[in-house]
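Engineer: 3D, please:
(chains A and B)
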Amino acid sequence: MTDLNLGIVLVSEVLIYPGLMFLVATIIFTQWLWRKIAARLGFRRGPMKTGPAGVLQPMADLLKLLSKEEVRTALSSKRLPALIAPLGIGALSTVLLTTPLAPLPIWSPFDSLVVLYLILWATVSIVILALSTPNPYTNIGVGRYLAFIVAAEPPFFISVLVPIILASRYYSDVNYSIYKTSLYSSSLWGLNPLTATLMLLSAFSGFISMMAVMNIKPFDAAEAETEIYWGIFTEFGGPRLALGMFISFAERVVLPLIYTFLFLGGSSPFTFTDNYLASLITTLIKFFVIFSILAIIDTLMPRFRPDQAVRFLIKYALTTAVIALIASITLTFIY
Amino acid sequence: MICMNELQLTVDIYALVITTLTLVNAGAVYMIFYEMFKRFYGAKLKFETPVKNMMTLCGMEVTDEVKHLVPVSEIMVFTFRKAFKHITESLTSEFESKVLRDWFFYALIILTALIVLSLIMGWY
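Structural biologist: Numbers count the residues shown, from 1 in each chain, chains lettered A, B, ... in the order given. The predicted model follows:
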């Protein structure tokens, strides 16, 4: 394959599948699913009008917001939101290239650090996006969001690192790569009692901290509608709101997908190289199960106070993640 | 190096390629989801009201000044201080009832013991 052809393949992957267009399609479907689950649990019917069973309602909402006049306050930044939001979305959809979903996945030793860095871009872009439009409620929302991020990102990153460290310990070709770990993650549960325990601990802390990173109840005090209007999104409307929600929804697709690959075995029992379609369907089924659980929790749970949420994250997520990390690092030094 | 169905790169080239692809993607998002809609539709809409460019203050007086704004860092520090204050209290006066009698504390001890036992017994 020549460099030009390789470039074309990579750009088409990042723009179409499994990049941007795939992400948009998945967001549309998952948001419809989220609304339907939330509606059913509240004895409502959910989206009905647009498309079959209302499945195109999220797309209609997106188009409506994008087509509105851009209104901003006199104090808000003019160009920054429009520049920073696409960077967050771009980072999240590029992460999908490092998963086995990509027809030509790209990876390198220690790529996990680059992927975690890109995931952090999305979080930072939400903060910058919100701060570019000053408002008392926005500031309270951003302060709470930052507190959650400081409490939730370290356990989430540590939880992601545990299977990567374990896979690198037992499989010589993994070399701390998130892509390679995705291929071996299912076997880590059955290797021995120690790896199973460490996977259990990291899966537990990873799930809790992932919820906090994605602003899912009970960790959604940053956008608590009844207290601080919409918190981080208070001043947003039209295209800015569309881009802000785009990042938020993209996180709700990319992070559960990474969780599926690292903790639920990804496409196991199939492999993408042998049977791509069966692997894709298996991965998506696991992803939708995780996504539905998140939607049910978000609908049924009440909201934590910010200090309660921080305390919960430190107590339940950080301690378990740190124990799993220390044990997995210890294991790498024992041959 | 191109393997069978994957592209392995050195870590520096990988970081460069991923960053470039992120920027390409960000450019596409900006052009499609912001500039295109704004230019063809959003820019033609105009709806004027006296409070259009003012902050949403909801019940407070309408203002275009920067007031009522609490620094973000102050809220963050306040949240952490409140969270840790509770922990400190529980460590002193109610340590036994709030920490030692917690199911999570017991589960953590059992799991940690299991990990240490696995390391000692060589179950790895």
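Engineer: Double-check A:T330 against B:L119; I have them as touching.
Structural biologist: Yes: between A:T330 and B:L119 there is a contact under CB atoms under 8 Å: 6.6 Å. For the C-beta atoms, the positions are set from N, CA and C on the backbone; glycine is no exception.
Engineer: Give the closest residue to B:K82 in space, chain neighbours not counted.
Structural biologist: A:D307 (3.8 Å; CB to CB, 6 or more residues apart in numbering or on different chains).
Engineer: so when I look at the one you found, I'm seeing a helix, right?
Structural biologist: Yes: applying DSSP: H, G, I helix; E, B strand; the rest coil, one finds A:D307 inside a helix.
Engineer: what does the model give it for pLDDT?
Structural biologist: At A:D307, the model reports a pLDDT of 88.
Engineer: Who are the contact partners of it?
Structural biologist: With contacts defined as CB atoms under 8 Å, 6 or more residues apart in numbering or on different chains, the neighbours of A:D307 are B:79-80, B:82-83, B:86.
Engineer: Most neighbours among those residues, please name it.
Structural biologist: The most crowded member of those, judged by other CB atoms under 10 Å in any protein chain shown, is B:T79 (25 neighbours).
Engineer: any idea where the helices of the chain begin and end?
Structural biologist: I'll assume chain A. With helices called from DSSP state H, chain A shows them at A:3-15, A:20-41, A:57-66, A:80-95, A:111-131, A:136-170, A:178-188, A:193-213, A:225-228, A:238-263, A:276-300, A:306-312, A:319-332.
Engineer: sorry, should have said chain B
Structural biologist: Using DSSP H, helices in chain B cover B:11-30, B:37-40, B:72-92, B:95, B:103-121.
Engineer: weakest of those by average pLDDT?
Structural biologist: Minimum mean pLDDT among the helices of chain B: helix B:95, a mean of 58.
Engineer: Give me the pLDDT value at the spatially most central residue of chain A.
Structural biologist: Against the mean C-alpha coordinate of chain A, by CA atoms, centre = their mean, the closest residue is A:L255 at 2.4 Å. In this model, A:L255 is scored at 96, pLDDT.
Engineer: Pull the contacting residues for the closest residue to A:F110 other than its chain neighbours.
Structural biologist: Leaving aside its sequence neighbours, A:F110 sits nearest to A:Y176 (CB to CB, 6+ apart; 4.8 Å). By CB under 8 Å, 6+ apart, the residues touching A:Y176 are A:109-113, A:164-165, A:168.
Engineer: Buried only: go through these for me.
Structural biologist: Using 16 or more other CB atoms under 10 Å in any protein chain shown as the burial test, these include A:109-112, A:164-165, A:168 as buried.
Engineer: Name the residue of chain B with the shortest distance to chain A.
Structural biologist: Residue nearest to chain A within chain B: B:I75 (2.5 Å; CB to the nearest CB).
Engineer: That residue - how many residues pack around it?
Structural biologist: 20.
Engineer: residue contacts, it?
Structural biologist: B:I75 neighbours (CB under 8 Å, 6+ apart): A:139-140, A:142-144, A:147.
Engineer: now A:T30
Structural biologist: Taking CB under 8 Å, 6+ apart as the test, what A:T30 contacts is A:249, A:252-253, A:288, A:291.
Engineer: for A:A38, same thing?
Structural biologist: With CB under 8 Å, 6+ apart, A:A38 has these contacts: A:46, A:295, A:298-299.
Engineer: so which pair among the contacts of A:T30 is furthest apart in space?
Structural biologist: Comparing every pair within these by CB to CB identifies A:F249 and A:F288 as the most remote, at 14.9 Å.
Engineer: Just want to know which of those two has more residues nearby.
Structural biologist: For the pair A:F249 and A:F288, the greater number of neighbours falls to A:F249 (23 against 17), based on other CB under 10 Å.
Engineer: thinking again about what came up before, please produce JSON lines containing the buried ones among the contacts of A:Y176, extended by distance to B:F105 and pLDDT.
Structural biologist: Below are the buried ones among the contacts of A:Y176 laid out as JSON lines (distance: CB to CB, whole Å; pLDDT from 0 to 100):
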{"residue": "A:P109", "distance to B:F105": "39", "pLDDT": "95"}
{"residue": "A:F110", "distance to B:F105": "36", "pLDDT": "94"}
{"residue": "A:D111", "distance to B:F105": "37", "pLDDT": "94"}
{"residue": "A:S112", "distance to B:F105": "31", "pLDDT": "94"}
{"residue": "A:I164", "distance to B:F105": "28", "pLDDT": "96"}
{"residue": "A:I165", "distance to B:F105": "26", "pLDDT": "96"}
{"residue": "A:S168", "distance to B:F105": "31", "pLDDT": "94"}
